[in-house]
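1. Fold the following for me, if possible:
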Amino acid sequence: MNDVIASLKDAVDAESPREQRAAAAAHLVRIARGYRWVGIYDVGDDDVTLIGEAGSPSSERVRPSLDERSFARVLETRRAIVDRGDAVAPVLGAESGIVIGTLDIEIAPTDVLGVKDIDFLEDCAAALRPLYD
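-> Predicted coordinates for the structure are as follows:
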């Protein structure tokens, strides 16, 4: 896992445009665990914006909004949330501790997310913080 976190830190600290760094980071998270889809989002006061993704989301996936139950829980608890075949991990502001972004994953219908996945996603989300500086 430390190799993946180190690679994420390198990807987000690169000189390329922000969207390219976010897409590269999403790709690294996706291949590390074989997730179906990974998305990295900006979370503002009134909206959520996709800044990078990797993989193929299911046809049912809709664009997230702050009103969705899982996003509301992430904003409230500032912890990763698992909801069926999806998980959302918050990216927290370094000084404020507020949710400034999210790392979202979707798994194949036959897969199951465990505690190690949640720990991994929270570590990855923390490594993404430089994308928001």
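2. I figured residue 107 hits residue 30, correct?
-> No: at 10.5 Å, residue 107 does not count as touching residue 30 under the criterion of CB atoms under 8 Å. Every C-beta, even on glycine, is put in place using the N, C-alpha and C of the backbone.
3. List the residues that contact residue 127.
-> 5, 8, 9, 12, 25 (CB atoms under 8 Å, 6 or more residues apart in numbering).
4. Just list whatever residues bridge to residue 99.
-> Here residue 99 sits in beta bridges with residue 92, going by DSSP bridges.
5. ok now the longest helix seen in the chain, how far from the chain's centre?
-> In the chain, taking DSSP state H as the definition, the longest helix is helix 18-33. Averaging C-alpha positions (CA atoms, centre = their mean, to the nearest Å) puts helix 18-33 9 Å from its chain's average.
6. Show the subsequent helix or strand relative to that helix.
-> Elements were assigned by DSSP states H and E; along the chain past helix 18-33, the next helix or strand is strand 37-43.
7. Show residues contacting that following strand.
-> 22, 25-27, 29-30, 48-58, 61, 64, 66, 71, 75, 91, 99-106, 128, 131-132.
8. and the spatially most central residue of the chain, what helix or strand is that in?
-> Geometric centre of the chain, nearest residue: residue 103, 0.8 Å, by CA atoms, centre = their mean. Assignment of secondary structure by DSSP H and E places residue 103 within strand 99-106.
9. Whichever helix or strand comes after that strand to strand 37-43, inter-axis angle?
-> Using DSSP H and E, the helix or strand that follows strand 99-106 in sequence is helix 115-127. For helix 115-127 against strand 37-43, the angle by axes from the mean of the first three to the mean of the last three CA atoms, to 10 degrees is 40 degrees.
10. Low-confidence bits of this structure, can you list those?
-> 1, 59-67 (pLDDT under 70).
11. Give me the subset of the contacts of residue 127 that lies in helices.
-> Reading helices off the contacts of residue 127 with DSSP H, I get 5, 8, 9, 12, 25.
12. are any of those residues buried, and which?
-> 5, 8, 12, 25 (16 or more other CB atoms under 10 Å).
13. okay but the first one is in contact with residue 122, surely?
-> Think residue 5. No: between residue 5 and residue 122 there is no contact under CB under 8 Å: 11.0 Å.
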